[in-house]
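Engineer: Any chance you can model this:
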Amino acid sequence: MSKIIALAAAVLLLQGCAAAVVAGGATAATSANDRRTLGSQLDDNSIVIRARRAIGTADSIPKTSNINVTSYNGVILLTGQVSNNTVKQQAELLIKDTPGVRDIHNQLRLGNSTSLTTRTRDSWITTKVKSQLLANDEVAGLNIKVVTENAEVFLMGLVQGAEADKAVDIARHVEGVSRVIKAFERR
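Structural biologist: Coordinates of the predicted model:
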């Protein structure tokens with residue numbers, strides 16, 4: 001009996017390793033095809049960590065606030081829900097001097113935090129939009145970041161010419177999307 005348990009545990013551990021290798025390979029492929037430099041990609045990760053820390057430790061931001069921070073090439077996107085305009089403005093002020101931040105799109109909405117059901121639906125919308133972008137030959141889907149908050153889809157990335165309009169058109173026609181907001185940079 002103990003041999004069966006040990007064998008089952010080994011199989012589960014090996015599956016975890018295989019998943020880690022696949023995920024690592026996917027991340028490497030995505031990084032290699034990204035229009036941002038590797039330095040910019042690392043900077044974006046650092047910016048998000050610093051911004052989340054600044055917002056999370058600020059006494060002026062109520063713990064009931066739902067603030068998400070996304071960075072793409074030094075451009076920050078704030079999404080989520082806050083109780084009032086003062087909190088919305090304070091969140092932006094807290095991160096505007098973060099090293100590497102070039103611009104901020106403050107798309108925080110006034111209201112209560114979204115429910116788990118809404119966040120799950122948003123994840124599904126993001127998956128559908130991203131899949132459609134990746135499947136389209138006119139758009140470099142790997143270079144477009146998709147963020148969905150309460151059925152609003154935000155598109156970020158370094159795009160060329162008509163790519164932005166095509167990406168918006170694709171996202172707009174995905175079931176469940178209520179609005180598409182561009183936060184693109186032109187290449």
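
Engineer: what number of residues lie near residue 175?
Structural biologist: Under the neighbour criterion other CB atoms under 10 Å, residue 175 is assigned a count of 7. Where you see a C-beta, it was placed from the backbone N, CA and C, and this is true even at glycine.

Engineer: quick one: contacts for the closest residue to it other than its chain neighbours?
Structural biologist: Nearest non-adjacent residue to residue 175, counting by CB to CB, 6 or more residues apart in numbering: residue 128, 7.3 Å away. With contacts defined as CB atoms under 8 Å, 6 or more residues apart in numbering, residue 128 is in contact with 174, 175, 176.

Engineer: let's see it at 10 Å
Structural biologist: With contact taken as CB atoms under 10 Å, 6 or more residues apart in numbering, residue 128 is in contact with 146, 148, 153, 171, 174, 175, 176, 177.

Engineer: Give me the subset of those lying in helices.
Structural biologist: residue 171 (DSSP state H).

Engineer: Any of the contacts of residue 128 buried? List them.
Structural biologist: Restricting the contacts of residue 128 to buried positions leaves 146, 148, 153, 171, 174, 177, with burial counted as 16 or more other CB atoms under 10 Å.

Engineer: Without its sequence neighbours, what residue ends up closest to residue 107?
Structural biologist: Excluding the flanking residues, the one nearest residue 107 by CB to CB, 6+ apart is residue 79, at 5.2 Å.

Engineer: hmm, back to that, and the contacts of residue 128, which two are furthest apart?
Structural biologist: The widest separation within these, taken as CB to CB, falls between 146 and 175 and amounts to 14.8 Å.

Engineer: neighbouring strands for the helix or strand hosting residue 80, and are they parallel or not?
Structural biologist: With secondary structure defined by DSSP states H and E, residue 80 is part of strand 75-82. Taking DSSP bridges as the criterion, strand 75-82 pairs within the sheet with strand 66-72 (antiparallel), strand 103-110 (parallel).

Engineer: Could you pull out the buried residues of the first one?
Structural biologist: So that's strand 66-72. Within strand 66-72, the residues that count as buried by 16+ other CB under 10 Å are 66, 67, 68, 69, 70, 71, 72.

Engineer: ok, the last one - contacts?
Structural biologist: What it means is residue 72. Under the criterion of CB under 10 Å, 6+ apart, the contact partners of residue 72 comprise 34, 36, 40-41, 44, 47-48, 143-145, 147, 155-158, 183-185.

Engineer: change it to 6 Å
Structural biologist: For residue 72, the residues meeting the contact criterion (CB atoms under 6 Å, 6 or more residues apart in numbering) are 145, 156.

Engineer: now swap in the one 3 residues further on and tell me
Structural biologist: Applying CB under 6 Å, 6+ apart, one finds that residue 75 lies in contact with 102, 103.

Engineer: So in terms of bridging, what pairs with it?
Structural biologist: What pairs with residue 75, by the bridge criterion (DSSP bridges), is residue 72, residue 103.
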